[in-house]
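> Have a look at this prediction, sequence included:
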Amino acid sequence: MALASALLQVMTDAVRKTARPMLRDFGEVSNLQVSRKGPGDFVTAADLKAEQTLFELLTKARPGYGFLGEERGMIEGTDKSHTWIVDPIDGTTNFMHAMPHFAITVGLERRAPDGSSEIVAGVTYNPILNELFWAEKGKGCYLNDQRIRVSGRRDLADSLIATGLPFIGKTGHAQAIKDIHAVGQRVAGIRRLGSAALDFAWVACGRYDAFFERNLKPWDVAAGILFVTEAGGIVTSIEDGGDPKNGATIIAANAEVHPTLRKVLQAA
């Protein structure tokens, strides 16, 4: 990572170190200690261990930064202008079922004195494929050591679209069916692979032409928003006036596909 800054090196080292025991756990997935966090929402010993490792490594490297994690929530830091936003295993259900499509994802949010904020750095790592997506604001987006860009497809009819679907214990099932019905008639295909962090990354590198999902969380989207925008794409809420960083309703795509897909979803 010759082009990466010291900040990106900190983030990269953290996710790679976190991945080592995770890979061992993945290889012995049937023996994982499992508890239920809620209906259909499993949290594994590996998940908790990974977040603790990230917390320790990132806090040591940047003392005072806040930390927002999926498992432990918000931990305020003495530096009120910076917050790590972390999902230790995005795609936990895939991990639990020995499906090699999950990622460790870390974004860094910087807050200005006026209260506005932006994501300034992000890393998403799929340890099974050894694919590291990373970006820093204004410096482009990369997959390992190669710069990446969003796809150049112009027509929605030619586009492959990623999405997420609610499961047991989640809301929005009826709306999801409406979305699939509206979009599916107009695109080349829809995929649901179970990791929003990787959906964003795959839009950034052109594997998908767009991604949309409702009812997301900040740790699902932080790094991915930066990836897509730094790769030349657009990220907005589906509704007018929403803040994508909040994660509630997201659409990410190249500039040609985005407005058409957004209109379809707004009408669904």
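Cool, the structure landed. Here the structure is a predicted model, which means the values were calculated and not measured. Residues are numbered from 1 along each chain as shown.

> Tell me which stretches of this protein form helices.
Remark: helices of the chain, listed N- to C-terminal, are 6-27, 45-61, 92-96, 173-184, 196-204, 218-230, 258-267; assignment by DSSP state H.

> so where's the stretch 151-268 of the chain uncertain?
Nowhere does the stretch 151-268 of the chain drop to pLDDT under 70.

> residues contacting the residue nearest in space to the middle of the chain?
In the chain, the C-alpha nearest the mean C-alpha coordinate belongs to Ala197, at 2.3 Å (Cα atoms, centre = their mean). Ala197 makes contact with Asp87, Asp90, Gly91, Ala103, Thr105, Thr124, Asp220, Ala223, Gly224 under the criterion Cβ atoms under 8 Å, 6 or more residues apart in numbering. For every residue, glycine as well, the C-beta is placed using N, CA and C.

> What of Lys49?
By Cβ under 8 Å, 6+ apart, Lys49 lies in contact with Pro21, Met22.

> go with 10 Å
Taking Cβ atoms under 10 Å, 6 or more residues apart in numbering, we find Lys49 in contact with Thr18, Pro21, Met22, Asp25, Pro88, Ile89.

> Mind checking the helices of the chain for the one nearest to Leu143?
For the helices of the chain, proximity to Leu143 was assessed by Cβ to Cβ; helix 196-204 is nearest, at 7.7 Å.

> hey, C-alpha coordinates of that closest one in CSV?
Extracted in CSV, the C-alpha atoms of helix 196-204 (Å, rounded to 0.1, in the frame of the first residue of the first chain):
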residue,chain,number,x,y,z
ALA,A,196,-23.9,-4.4,2.7
ALA,A,197,-20.2,-3.4,3.2
LEU,A,198,-19.2,-5.7,0.3
ASP,A,199,-22.1,-4.5,-1.8
PHE,A,200,-20.8,-1.0,-1.6
ALA,A,201,-17.3,-2.2,-2.4
TRP,A,202,-18.5,-4.2,-5.3
VAL,A,203,-20.3,-1.1,-6.7
ALA,A,204,-17.0,0.8,-6.3
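
> any idea what sits nearest Gln266, other than its immediate chain neighbours?
Nearest non-adjacent residue to Gln266, counting by Cβ to Cβ, 6 or more residues apart in numbering: Ile238, 6.3 Å away.

> Phi, psi for the one you found please.
Main-chain dihedrals, Ile238, degrees, to the nearest 10: phi -70, psi -40.

> what's the burial count for it?
The burial count assigned to Ile238 is 20, neighbours taken as other Cβ atoms under 10 Å.

> In this structure it contacts Asn215, no?
No. Counting by Cβ atoms under 10 Å, Ile238 stays clear of Asn215, with 11.1 Å between them.

> list residues touching both of the two?
Ala248, Thr249, Ile250.

> Which of these sits closest to Phe211?
The shortest approach to Phe211 among the shared contacts of Ile238 and Asn215 belongs to Ile250, at 7.3 Å (Cβ to Cβ).

> which residues touch the closest one?
Counting by Cβ under 10 Å, 6+ apart, Ile250 makes contact with 164, 196, 199-200, 211-216, 220-221, 224-225, 228, 235-238, 242, 244.
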